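> Generate coordinates for the sequence data below:
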Amino acid sequence: MMQAIEHQAVNPWVALAYLVSGVFFILALRGLSSPATSQAGNRFGMIGMLIAVVTTLATHDIANIVEILIAIAVGGAIGLVIARRIAMTAMPELVAAFHSLVGLAAVLVGWAAYLNPGAFGLLESSLRFSAELYDGTVISGASNSISPVSKVEMGLGIAIGAITFSGSVIAFLKLSGKMSGSPILLPVRHLINLGTLAVIIVLTALFAMAGPDQTLPLIVALTIAAFVIGFLLIIPIGGADMPVVVSMLNSYSGWAAAAMGFTLGNTAMIITGALVGSSGAILSYIMCRAMNRSFISVIAGGFGADASAGGGETKEQRPYKQGSAADAAFMLEQAEKVIIIPGYGMAVAQAQHALREMADLLEEKGVEVKYAIHPVAGRMPGHMNVLLAEAQVPYENVFELEDINSEFAQADVAFIIGANDVVNPAAKTDKSSPIYGMPVFDVDKAKQVFFIKRSMGGVGYAGVDNDVFYMDQTMMLLSDAKKMVEEIVKALD
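Residues are numbered from 1 along each chain as shown. Modelled structure (predicted):
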């Protein structure tokens, strides 16, 4: 027989405050869906988080308020310094690093709730038989334990948080160049991953059913197994899939927060985690569709090696036309319409400001300039949009693939700077190509193509050659992207 637990009624003003914060979070996501409204979206998110944090601090007596304010001040100061110092080109690895902190926070909160369940309101009282008198009367005593449902929520939160942490650490190392961007393929990795996931599920079930004296070894094993699977899931994934990985880890961090919200009975955490988790999952799906890949195939890894790691070299020497900055400047001046396609090479060279200056000069000469952004260009969702926004490129000049692809047939120049696979026509014509079926820009339909690339030796993430290099209307501009654009700017003056 179980003794009923009496829960304190939720203060309606607290529920209302969390609801308002949730509305602000939804408005934040809506604002962040467009570069033009992204600043307003950020402000909405900050307001919503402020309301949620203040409400929680005002209505909970878990820790000393002075200690909490000191922690907030220290964390805020660190975040402010990082935000001011970080280069926009390093934003992908910064996002991965911050995701790791979210995952680690979920693990720590889960462990804190496990070690001190009374402070989190997780204890339930149950009756146990202790003695039986001579007349058959049963004397029972009460014992306190964490309910099985709370332990399931706690186990899931710790597991997802640990996966997010270790996976984000590997993503950070790959994005920052401290680990090779090439896939690291372990023998029988799929069997190892499935086995580890099965172990995590079994440990969670055992943890939920175990008695109070048997849970510690189980939760330790669960945490370790989750850290391991996060590491194993990300190391086989190549650089080409990093935008999807960043989005996926963002989703994981949201679900970890939602699971902890259920454990702690915090509505704001549940709402925030669900919004982040679902939006990250939807974005991952959209990006997988943009690459013509399934989510499972991305997790399986093995697609594409980072060109910088020597993953692919041009196997066939084919004739191509090489031009200079002066040649490009002359033809750009004669054009009526120019479409610029930026890629990760532009980010590495930090050429976005020089590119904006070139576009301004062309517009002064009466040339129409537009920017075409592929969904998976760069190393994180929206990477190119962020860089162009930093260079103050007008939002109305930036277009997604489906909105501008039909205009290449009317373009005088397709100006490709640091992109490769997203303009490779093999995606449309070669069924044996690893990128076959991936939507790409129709740059082959433009009258003239300028392709800025460091050298002809390397190929894109997919490790396949690009026929655009050798087209009759293509002029290869072999140089550092920033240096080449700066030379074009000088020639245009």
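> secondary structure class for residue 155?
Here residue 155 is recorded as helix under DSSP: H, G, I helix; E, B strand; the rest coil.
> hang on, I meant residue 369
Recorded secondary structure, residue 369: strand (three-state DSSP).
> try residue 258
With three-state DSSP as the basis, the three-state label of residue 258 is helix.
> Buried residues in stretch 103-117, which are they?
For stretch 103-117, the buried set under the neighbour-count rule, 16 or more other C-beta atoms under 10 Å, comprises 103-107, 109-111, 113-114, 117. Where you see a C-beta, it was placed from the backbone N, CA and C, and this is true even at glycine.
> try stretch 67-78
Counting neighbours by 16+ other C-beta under 10 Å, one finds that stretch 67-78 has no buried residues.
> any idea of the mean pLDDT in it?
Averaging pLDDT along stretch 67-78 gives 89.
> picking up where we left off before, sitting in helices, which of the buried residues of stretch 103-117 do you find?
With helices defined by DSSP state H, the entries of these inside them are 103-107, 109-111, 113-114.
> And the residues you listed, which two are furthest apart?
103 and 114 (16.9 Å; C-beta to C-beta).
> circling back to that earlier point, now distance to residue 444 and pLDDT too, for the buried residues of stretch 103-117, in JSON lines please.
Written out in JSON lines, the entries for the buried residues of stretch 103-117 read as follows (distance: C-beta to C-beta, whole Å; pLDDT from 0 to 100):
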{"residue": "103", "distance to residue 444": "43", "pLDDT": "91"}
{"residue": "104", "distance to residue 444": "47", "pLDDT": "93"}
{"residue": "105", "distance to residue 444": "48", "pLDDT": "91"}
{"residue": "106", "distance to residue 444": "47", "pLDDT": "90"}
{"residue": "107", "distance to residue 444": "50", "pLDDT": "93"}
{"residue": "109", "distance to residue 444": "53", "pLDDT": "90"}
{"residue": "110", "distance to residue 444": "53", "pLDDT": "90"}
{"residue": "111", "distance to residue 444": "56", "pLDDT": "92"}
{"residue": "113", "distance to residue 444": "58", "pLDDT": "88"}
{"residue": "114", "distance to residue 444": "59", "pLDDT": "89"}
{"residue": "117", "distance to residue 444": "63", "pLDDT": "83"}
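> Turn these into CSV, including distance to residue 214.
Below are these laid out as CSV (distance: C-beta to C-beta, whole Å):
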residue, distance to residue 214
103, 27
104, 26
105, 27
106, 24
107, 21
109, 22
110, 18
111, 17
113, 18
114, 13
117, 15
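> So which of those is the closest to residue 284?
Of all the buried residues of stretch 103-117, residue 103 has the smallest distance to residue 284: 16.4 Å, by C-beta to C-beta.
> in the stretch 151-300 of the chain, which segments are predicted with low confidence?
Where the stretch 151-300 of the chain drops to pLDDT under 70, the residues are 181-182, 239-240, 297-300.
> and the nearest residue to residue 72 once chain neighbours are set aside, what element?
In space, and not counting its chain neighbours, residue 72 is closest to residue 53: 7.9 Å by C-beta to C-beta, 6 or more residues apart in numbering. If you go by DSSP states H and E, residue 53 is part of helix 38-59.
> which strands and helices sit next to that helix?
Secondary-structure packing of helix 38-59 (3 or more C-beta pairs under 8 Å, 6 or more residues apart in numbering; DSSP states H and E): helix 12-31, helix 65-85, helix 267-290.
> Now with 6 Å, please.
helix 12-31 (3 or more C-beta pairs under 6 Å, 6 or more residues apart in numbering; DSSP states H and E).
> By neighbour count, which bits of the helix it packs on are buried? Give me those.
If you call a residue buried by 16+ other C-beta under 10 Å, then helix 12-31 has these buried ones: 14, 17-18, 20-22, 24-25, 27-28, 31.
> looking at it, residue 291 is touching residue 437, isn't it?
No: using C-beta atoms under 6 Å as the test, residue 291 is too far from residue 437 to be in contact (8.9 Å).
> any low-confidence regions in the stretch 1-150 of the chain?
Across the stretch 1-150 of the chain, the stretches falling below the confidence threshold (pLDDT under 70) are 1-10, 60-63, 119-121, 123-144.
> do that again at 80, thanks
Across the stretch 1-150 of the chain, residues meeting the criterion (pLDDT under 80) sit at 1-11, 33-36, 60-64, 87-91, 118-145.
> Go through stretch 171-184 and flag the buried ones.
Across stretch 171-184, burial judged by 16+ other C-beta under 10 Å covers 171-175, 179-184.
> Endpoint to endpoint, it covers what distance?
From the first residue to the last, stretch 171-184 extends over 13 Å; the measure is C-alpha to C-alpha, to the nearest Å.
> and after the helix or strand hosting residue 416, which helix or strand comes next?
Assessed by DSSP H and E, residue 416 sits inside strand 413-417. Along the chain past strand 413-417, the next helix or strand (assigned with DSSP H and E) turns out to be helix 426-429.
> which other helices and strands contact that following helix?
Using 3+ C-beta pairs under 6 Å, 6+ apart, helix 426-429 sits against no helix or strand.
> give me the number of residues near residue 97?
Residue 97 has 18 neighbouring residues, counting by other C-beta atoms under 10 Å.
> Closest to residue 324 out of the ones in helices among the buried residues of stretch 103-117?
Distance from residue 324 was checked for each of these by C-beta to C-beta. The minimum falls on residue 103, at 49.2 Å.
> Spatially central residue in the protein, please.
Within the chain, one residue has its C-alpha closest to the average C-alpha position: by C-alpha atoms, centre = their mean, that is residue 246, at 2.4 Å.
> Hmm, residue 382 and that one touching each other?
No: in this structure, residue 246 sits apart from residue 382 without contact. The criterion is C-beta under 6 Å, and the distance is 10.1 Å.
> Stretch 323-343: which residues count as buried?
By neighbour count with 16+ other C-beta under 10 Å, stretch 323-343 contains the buried residues 323-325, 327-329, 331-332, 335, 337-343.
> Which two of those residues have the greatest separation?
Within these, two members stand farthest from each other by C-beta to C-beta: 324 and 337, at 22.5 Å.
> quick one: secondary structure of the residue nearest to residue 155 when sequence neighbours are not counted?
Taking C-beta to C-beta, 6+ apart as the measure, residue 155 lies nearest to residue 204, with 4.0 Å between them; neighbours along the chain are not counted. In terms of secondary structure, residue 204 is helix; the call rests on three-state DSSP.
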